[in-house]
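**Q** quick one, fold the following:
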Amino acid sequence: MVLRKIVHIDEALCNGCGACIPKCAEGALQIVDGKAKIVSETYCDGLGACLGQCPQGAITVVEREAPEFDEKAVEKHLASDTAEASQAPVKPQWPVKINLIPRQAPFFNKADLLIAADCAPVAQPNLQKKLPGKRILIGCPKFEDARGYAEKLSDILKLNDISSVTIVHMEVPCCSGLKWAVDKAVQASGKNVPVKRYVMTIGGELNEQ
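**A** Predicted coordinates for the structure are as follows:
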């Protein structure tokens, strides 16, 4: 143990938005149980690149006793994460609401997005099994701002390397606003992202459009 600078996260302030994670080049931060946490103090160099990314002001740099920063351990950790990402099934992420999810995050890299109506995973509990291997984002265009969805999703497409997008909305007319938002987002992003569209019946059946 040595006396050195290291990142400190105030869990009372952290809301788990994940905005800090992409700025940590050493991979020291992860969302665990809905909060940003340092997975190993040996991975944190204490320089605070994540500092200005937290909208809640939950991150500071403090000076205290901690294990020394280990650059070789970081290299091994990053290599391991890369290997796991290429082989492992999709790990769950949080949050999943379109309005809450960060615009840029490591879990978006090469991701196949499933953008679904809030009701869809309830009407069809096996939705993620029927459409496996996807990062899910949910929203309700009736009670939230579809234009805001379009802007947020456009930013996600611009800032990340998204492989594909799948839309699932309910068969009621108000839910088609989700499809509109995604189509606008893809158009505004300027990227040629493949899009699949499904309508879910009240009985939970998926019909491809």
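**Q** for this protein, which segments count as strands?
**A** 2-9, 29-32, 35-38, 59-66, 112-117, 135-139, 164-170, 195-200, 206-208 (DSSP state E).
**Q** for these, which one sits closest to residue 183?
**A** In terms of C-beta to C-beta, the element of these nearest to residue 183 is strand 195-200, at 7.6 Å. No exception for glycine: its C-beta is placed from N, CA and C like everyone else's.
**Q** quick one: the closest one to chain centroid distance?
**A** 21 Å (C-alpha atoms, centre = their mean, to the nearest Å).
**Q** in its sheet, what does that strand sit against?
**A** Sheet partners assigned to strand 195-200 using DSSP bridges are listed as strand 164-170 (parallel), strand 206-208 (antiparallel).
**Q** all helices in the chain, in order from the N-terminus.
**A** Using DSSP state H, the helices found in the chain span residues 71-87, 120-123, 127-130, 146-159, 176-189.
**Q** among those helices, which is nearest residue 10?
**A** Among the helices of the chain, helix 71-87 comes nearest to residue 10, with 24.1 Å by C-beta to C-beta.
**Q** and the protein, what are its domains?
**A** 2-87, 106-208 (automatic domain parsing).
**Q** quick one on the thing from earlier: so which of the strands paired with strand 195-200 is the most packed in?
**A** The highest average neighbour count among these, using mean count of other C-beta atoms under 10 Å, belongs to strand 164-170 at a mean of 22.
**Q** give me the angle between that strand and strand 135-139.
**A** If you take axes from the mean of the first three to the mean of the last three C-alpha atoms, to 10 degrees, strand 164-170 sits at 40 degrees to strand 135-139.
**Q** for strand 164-170, what is the distance to the chain centroid?
**A** The answer for strand 164-170 is 16 Å, by C-alpha atoms, centre = their mean.
**Q** what do you get for stretch 7-27?
**A** The answer for stretch 7-27 is 13 Å, by C-alpha atoms, centre = their mean.
**Q** hang on, the earlier thing: could the strands paired with strand 195-200 be laid out in TSV, adding mean pLDDT and distance to residue 125?
**A** Formatted as TSV, those follow (pLDDT from 0 to 100; distance: least, C-beta to C-beta, whole Å):
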stretch	mean pLDDT	distance to residue 125
strand 164-170	94	13
strand 206-208	87	13
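**Q** which residues does the closest residue to residue 95 other than its chain neighbours contact?
**A** Distances taken as C-beta to C-beta, 6 or more residues apart in numbering put residue 101 closest to residue 95, at 5.5 Å, once the chain neighbours are dropped. For residue 101, the contact set (C-beta atoms under 8 Å, 6 or more residues apart in numbering) comprises 18, 93, 95, 137, 156.
**Q** ok, what's across the strand from the fourth one?
**A** The residues paired with residue 137 through beta bridges, assigned by DSSP bridges, are residue 115.
**Q** residue contacts, it?
**A** Per C-beta under 8 Å, 6+ apart, neighbours of residue 137: 96, 97, 98, 101, 113, 114, 115, 116, 153.
**Q** and it, how far from residue 165?
**A** For residue 137, the distance to residue 165 equals 10 Å [C-beta to C-beta, to the nearest Å].
**Q** pLDDT weak spots in this structure?
**A** For the chain, the stretches with pLDDT under 70 are 81-92.
**Q** kind regards, and thank you for your time.
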